[in-house]
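**Q** need the 3D shape of this:
(chains A and B)
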Number of protein chains: 2
Amino acid sequence: MKRIATILIVLSTVACNKPGVDKEAEGEKLMQLSREWSKAASSGDVEKTLSYWGEDAVMISAGEPILDGRPAIRKMVEESFKMPGFRISWEPQSVEVSEGGDMGYIIENSQVSYRDSSGIPVVLHNKAVSIWRKQEDGAWKNVVDISTPEPSDKH
Amino acid sequence: MKRIATILIVLSTVACNKPGVDKEAEGEKLMQLSREWSKAASSGDVEKTLSYWGEDAVMISAGEPILDGRPAIRKMVEESFKMPGFRISWEPQSVEVSEGGDMGYIIENSQVSYRDSSGIPVVLHNKAVSIWRKQEDGAWKNVVDISTPEPSDKH
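**A** As a prediction, this is how the structure comes out:
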């Protein structure tokens, strides 16, 4: 009976502890992904920038129609990257990850700059929240991206 | 050996399946909470409205400083509810819940109306994302609430 008890304890530990879920490490992974993503976006790399969004990702920006799915987001990214003087970058501020390590969110500060139709540089400061889901292959992908303008004294 | 195998199978099923997590039911619970919350807010009930936010909730609105924690949110709610003609309401559109049933998010449409300093009614339409965490007592609380203006042709 002692051997069976030992087997049961070992089995339940191995099977139930989800040893892969280290919330702090997953959170740091998300912060790092956000920083790499910002680097890809600010360098104008369309394909690399698109690779961080999941297939069904939703993007919600101030005063813009909701972008539903990667094809709609691709169109927006391609058009934005062609605007004169366009540049976007952001810095992740904080991250939270679910107990199972399958969902997480980041609060970010972002900056968008471009030249308006008169050639005058415009800089917009936003707060953003990005929500991430871990895919079946273990890769984190962005599923929701929403941003809203900072108070105008920061513009 | 057959009996031991049976015990092992039963044990691993009981111990690892997290029978409490029904993602669909948790999602429906969140949608229902969002609807009840909107009803409380649109009726101007300060205490009931505040009860849906977690202690450390963060609120991010267009052009406003970030509100960090329930005391800051309370101040904003109390001031808003005193504005002439103020009314806020929203409708949840979709919900997603993490595998462990401890984190979820809702995409919402919201409307805010009030009278400006000349007494003219203003109506703002927003898209919002609310992120929820299940607390230790099993209650879902809102932890992040971010909204951004709809395209101006909807105003």
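**Q** strands of chain A, start to end?
**A** A:53-60, A:67-68, A:87-97, A:103-115, A:121-134, A:140-149 (DSSP state E).
**Q** helices or strands up against the first one?
**A** Looking back up the chat, that one is strand A:53-60. Packing partners of strand A:53-60 (3 or more Cβ pairs under 8 Å, 6 or more residues apart in numbering or on different chains; DSSP states H and E): strand A:67-68, helix A:70-82, strand A:140-149. (Each C-beta comes from the backbone N, C-alpha and C, glycine too.)
**Q** tell me how far it lies from the chain's centre.
**A** Its chain's C-alpha centre and that of strand A:53-60 lie 10 Å apart, by Cα atoms, centre = their mean, to the nearest Å.
**Q** nearest to A:Pro121 among the helices and strands packed on strand A:53-60 would be which one?
**A** Between A:Pro121 and the helices and strands packed on strand A:53-60, the tightest spacing by Cβ to Cβ is seen for helix A:70-82, at 15.4 Å.
**Q** for chain A, name the helix or strand with the lowest mean pLDDT.
**A** Counting by mean pLDDT, DSSP states H and E, chain A has its least confident helix or strand at helix A:2-16, which shows a mean of 56.
**Q** most tightly surrounded among the strands of chain A?
**A** Mean neighbour count (mean count of other Cβ atoms under 10 Å in any protein chain shown) peaks for strand A:140-149 among the strands of chain A, with a mean of 22.
**Q** what's the mean pLDDT across that one?
**A** For strand A:140-149, mean pLDDT is 98.
**Q** and it, is it in reach of chain B?
**A** Yes: using Cβ under 8 Å from any Cβ of the partner chain, strand A:140-149 reaches chain B at A:Val143, A:Val144, A:Ile146, A:Ser147, A:Thr148, A:Pro149.
**Q** tell me the bridge partners for the nearest residue to the second one once chain neighbours are set aside.
**A** Yep, that's A:Val144 we're talking about. Sequence neighbours aside, A:Ile131 is the residue nearest to A:Val144 in space, at 4.1 Å (criterion: Cβ to Cβ, 6 or more residues apart in numbering or on different chains). Counting by DSSP bridges, A:Ile131 forms beta bridges with A:Tyr105, A:Val144.
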